[in-house]
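Chemist: sequence first, predicted coordinates after that:
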Amino acid sequence: MKPVILITLHRRYHELCLALKNIQNKKIFFKQIPSVVLVWADPENGRRWFIDKLIEEKIIDHVIYRYKLPNEDGNQPTTFFESQNIRIGLENVFRLYENAYCIVQASDIIINEFGIRLMQSEILKGAEVVNFAWSNRYTSNAWYTNCFAISSNKEYWPPCSDMDCADVLEKLWYRESYGKRKIT
């Protein structure tokens, strides 16, 4: 199966550079060289040269532009917007690549060798999704949505939330997926 790394980006260019450098350094841990797809949310025209350069240098293979949505002014919770980024990204990845799996990560995430090997191994063994429990003093019963691996089976994808959603995407996904088989 072809690995595809899907990165979601909204205004975190410095963090994106660090994540991309990490991906370049960690490509050796994949059984196949991964493709890199970027969902660029609310793209800034003044930064287009930067993204174009990443494509030209073959650091990013595809860019999906997710234009600004109503109420996307920085004063709203990110749940709705990030759920849109993930959904648009996954739909495009599995349209562009056959027989693939996707590692989804936010632009500010650095995945270590263990995480890459674990996600790759579990997906290749047949898991539909490899996600990680998010638990701290404020949150429990939630899956991380900033780093996970997933198959093309939409039944396991994180949900799209409503704009006025009262809960975080991580909890919505946990509640929706709890008890499904083939979740690692």
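Modeler: It's in. Numbering: from 1, shown residues only.

Chemist: for the chain, which helix extends over the most residues?
Modeler: Taking DSSP state H as the criterion, the chain has its longest helix at helix 79-96.

Chemist: buried residues in that one?
Modeler: 79-90, 92-94 (16 or more other C-beta atoms under 10 Å). Placement of C-beta: from N, CA and C, glycine included.

Chemist: moving C-terminal from the lowest-mean-pLDDT helix or strand in the chain, which element do we reach first?
Modeler: Here the helix or strand of the chain ranked lowest by mean pLDDT, DSSP states H and E is strand 142-143, holding a mean of 51. Sequence-wise, the next helix or strand downstream of strand 142-143 (DSSP states H and E) is strand 147-150.

Chemist: and that following strand, how far from the chain's centre?
Modeler: Averaging C-alpha positions (C-alpha atoms, centre = their mean, to the nearest Å) puts strand 147-150 7 Å from its chain's average.

Chemist: just stretch 49-67 next, same as before
Modeler: Distance, centroid of stretch 49-67 to centroid of chain: 16 Å (C-alpha atoms, centre = their mean).

Chemist: pLDDT of that stretch, averaged?
Modeler: For stretch 49-67, mean pLDDT is 94.

Chemist: any idea of the pLDDT on residue 44?
Modeler: For residue 44, pLDDT reads 84.

Chemist: quick one: residues contacting it.
Modeler: Contacts of residue 44 were listed using C-beta atoms under 8 Å, 6 or more residues apart in numbering, and they are residue 11.

Chemist: and residue 28, what are its phi and psi?
Modeler: Main-chain dihedrals, residue 28, degrees, to the nearest 10: phi -70, psi -20.

Chemist: pLDDT weak spots in this protein?
Modeler: For the chain, the stretches with pLDDT under 70 are 72, 74-79, 132-145, 160-184.

Chemist: identify the residue nearest the residue nearest the centre of it in space, chain neighbours excluded?
Modeler: The residue lying closest to the centre of the chain (C-alpha atoms, centre = their mean) is residue 104, at 2.5 Å. Among residues not flanking residue 104 along the chain, residue 6 sits closest, at 4.8 Å (C-beta to C-beta, 6 or more residues apart in numbering).

Chemist: neighbours around that neighbour, how many?
Modeler: 24 (other C-beta atoms under 10 Å).

Chemist: and the helix or strand where it lies, which strands flank it?
Modeler: Residue 6 is part of strand 2-9 when elements are defined by DSSP H and E. In the sheet containing strand 2-9, the strands it pairs with under DSSP bridges are strand 35-41 (parallel), strand 100-106 (parallel).

Chemist: okay if I get those strands as TSV plus distance to residue 18?
Modeler: Listed next are those as TSV, based on distance: least, C-beta to C-beta, whole Å:
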stretch	distance to residue 18
strand 35-41	14
strand 100-106	12
